[in-house]
Every structure is written in structure tokens, then in C-alpha cells.
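model this:
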Amino acid sequence: MDNELGNISEGKLADMLLIKDSPFENIMSMTSPTKIFKEDLMDKEVIVGHGEKRKRFVIVKNLKNEKHDQSKREKLVKVLQERIDHINSRRRKTHNKQVCELKSHRIYGKYVKELKDGSLKIDRMKLREESRYD
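Coordinates of the predicted model:
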């Protein structure tokens, strides 16, 4: 038993599940029935592994909240794009107070990317990544 425990390597035992990509995406792509048990709630039960080591996951998705989050994000992107367009329209592309305020803003800051020429743009990858959790 000692030669099977102690570190993470091939052939050793572990009480964890290692998945290459996002576990949520892998679990959602597994073939198992999806049930709608209320008007806006959907669940999916997935069993990963075999025998006594198998794990049971139940994922619940609220479709109403998903639509709400999506509309909130669309409004956020619209306001952010207006602010970025205003900042990018300035003559000099130097880093100024407006750029600092937008990049450090508690809501908008994580979606702003500054390019090498000093202009700003929306980080679409970050938006896509966050939308996965709706």
C-alpha cells in the first residue's frame, strides 16, 4: 500500500479527479439525461468513474438567471464601449487619469485591455470566460 500512496504520479492512488480542461464543460458534455424539473430549472446528473471510486455530480442550471445575467452583461458592454470610444478619441494616446480610472474600476476594469499604442479595447475573451458561469 505504501508504494501506491504519497505523491501524484501515474499508477498511484488519489482522492481527486484530474480533468484536462474545465470540469464543468466536460461534465456538461457527458451523455446523460437532462431534466427540467421546474419551469426555469434544469438539472443533469453525471457519474464519473467506476466502482467504489465513482463520484456523482448534479449540476443545476437556472435558465431565468442565465437570461438576466446575459442582459446585464450586454448593458455593461454597451456602457464600457462608450467609455472606451470616448477615451480612444483623444488626440494623444498617453496614459492619463481616465485610462487609470477605467482600468482600476471595480466592475469595468477586468474587461479592459490596453494595447501597445495606448488605446483601449474590451477583452472579449474575459467576457466569454465569465459568461460560462451563468
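
ok now the top helix by length along the chain, how far from the chain's centre?
Looking across the chain with DSSP state H, the single longest helix is helix 63-88. Here helix 63-88 shows a centroid-to-chain-centroid distance of 16 Å under the convention C-alpha atoms, centre = their mean, to the nearest Å.

skip ahead from that helix and say which helix or strand is next.
Next along the chain after helix 63-88, taking DSSP states H and E as the criterion, comes helix 97-103.

elements contacting the following helix or strand past that next one?
Heading C-terminal from helix 97-103, the first helix or strand you meet, by DSSP H and E, is strand 112-114. Helices and strands touching strand 112-114, by 3 or more C-beta pairs under 8 Å, 6 or more residues apart in numbering; DSSP states H and E, are helix 97-103, strand 120-122. Backbone N, C-alpha and C define where each C-beta goes, glycine included.

what about 6 Å?
With contacts taken as 3 or more C-beta pairs under 6 Å, 6 or more residues apart in numbering; DSSP states H and E, strand 112-114 sits against strand 120-122.

shaky segments in the protein?
1-35, 37, 91, 93-94, 134 (pLDDT under 70).

ends of stretch 51-67, how far apart?
From its first residue to its last, stretch 51-67 covers 39 Å (C-alpha to C-alpha, to the nearest Å).
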